[in-house]
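Peer 1: Sequence plus predicted model, see below.
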Amino acid sequence: MMEKEKQLVKIEHLYKEFDSDTKVLKDINLTINKNEVIAILGPSGTGKSTLLRCLNYLTEPTSGVISISDVTVDAAHHTKKEILELRKHSSMVFQSYNLFKNKTALENVMEALTQVQKKPKAEAEKIALELLGKVGMLERKDFYPSKLSGGQQQRVGIARALAVNPNVLLFDEPTSALDPELVGEVLNTIKKLAEEGTTMILVTHEVGFAREVATRVLFMDGGQIAADGTPEKIIDHPENPRIRQFLNFVN
Ligand code: ADP
Ligand code: MG
């Protein structure tokens with residue numbers, strides 16, 4: 001396989017400042033290949049969420065170039081159309097699942113397919129049922145969010161994110177709003193997707209999970225990628241004292 005085909009995400013010289021005092025991302029450079037499962041660890045406030053949000057321009061970078069698949073967007077000069085194209089290539093699962101309250105699990109997953117992708121209803125339903133099966137929520141397809149646990153809602157959220165068939169799935173602390181007993185079912189769902197080769201970037205405080213599931217771990221500190229390597233290297237044998245301190249803190 002050619003190098004270029006494997007490469008899926010490329011971030012070059014990404015900077016983000018909200019104002020001149022808050023430089024949040026400071027020259028992030030990162031290349032992610034297809035099928036990689038990237039876990040991003042790091043203390044609060046170091047720019048992890050901002051990095052994920054810059055990838056789909058939910059937050060506009062101050063400068064830098066982002067490429068996903070065949071779309072490249074340069075913060076210095078870009079069109080609205082390029083941003084819409086870029087957004088088609090990724091899908092984000094948030095900490096709070098934000099399902100539509102007046103729609104069933106099935107309708108929530110169908111929404112992206114009928115509204116965004118303009119698929120016919122029957123086709124959307126077929127895809128949505130398949131995805132609900134994948135996250136183990138088929139039996140509750142007709143339940144409204146209020147009748148689902150947080151873990152179940154998050155699994156529907158994952159099915160919804162998958163519905164647009166993204167090249168890369170982004171997770172921003174997908175289990176941190178859940179009661180402890182519900183974390184496992186969501187992590188298992190993510191693990192299954194990882195095993196199927198889904199390319200994903202996962203911001204998480206679940207170090208054990210990152211160790212088990214990620215193919216590569218990034219440690220962010222102060223708006224920069226302070227370490228990048230295999231889980232064995234970054235988690236089991238951290239050289240950086242900041243990582244050791246962080247791991248002691250979360251474990
Ligand atoms: P993390 O996800 O690692 O906890 P964030 O990316 O959420 O960190 O935030 C990094 C820094 O950027 C924090 O200091 C935060 O206060 C600041 N920040 C994030 N979003 C905004 C915003 N919309 N306006 C101003 N500052 C922001
Ligand atoms: Mg965050």
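Peer 2: Cool, the structure landed. Ligands and ions are numbered 1, 2, ... in the order given.

Peer 1: now check whatever helix or strand residue 169 lives in, is it near ligand 1?
Peer 2: In the assignment (DSSP states H and E), residue 169 maps to strand 168-172. No. Applying CB under 6 Å from any ligand atom, one finds strand 168-172 separated from ligand 1 by no less than 7.3 Å. For glycine as for every other residue, the C-beta is placed from the backbone atoms N, C-alpha and C.

Peer 1: Just name whatever secondary elements that strand is in contact with.
Peer 2: Contact here means 3 or more CB pairs under 8 Å, 6 or more residues apart in numbering; DSSP states H and E; on that basis strand 168-172 packs against helix 48-55, strand 90-93, strand 200-203.

Peer 1: Quick check: which of these has the most neighbours on average?
Peer 2: strand 200-203 (a mean of 25; mean count of other CB atoms under 10 Å).

Peer 1: Show residues contacting that strand.
Peer 2: 9, 32, 37-40, 48-49, 52, 55, 168-174, 190, 193-194, 210, 214 (CB atoms under 8 Å, 6 or more residues apart in numbering).

Peer 1: Can you say which of these are buried?
Peer 2: Buried members of the contacts of strand 200-203, scored by 16 or more other CB atoms under 10 Å, are 9, 32, 37-40, 48-49, 52, 55, 168-174, 190, 193-194, 210, 214.

Peer 1: filter these down to the ones near ligand 2?
Peer 2: Restricting those to those near ligand 2 by CB under 5 Å from the ion leaves 48, 49.

Peer 1: by how many degrees do the strand holding residue 169 and helix 48-55 diverge?
Peer 2: Strand 168-172 runs at 150 degrees relative to helix 48-55, counting by axes from the mean of the first three to the mean of the last three CA atoms, to 10 degrees.

Peer 1: Counting neighbours, show which residues of the helix or strand just after strand 168-172 come out buried.
Peer 2: Downstream of strand 168-172, the first helix or strand assigned by DSSP H and E is helix 180-195. Buried residues in helix 180-195, defined by neighbour count with 16+ other CB under 10 Å: 182, 183, 185, 186, 187, 189, 190, 193, 194.

Peer 1: and the second one, what does it touch?
Peer 2: If I follow you right, that is residue 183. 151, 175, 206.

Peer 1: top of those residues by neighbour count?
Peer 2: residue 175 (23 neighbours; other CB atoms under 10 Å).
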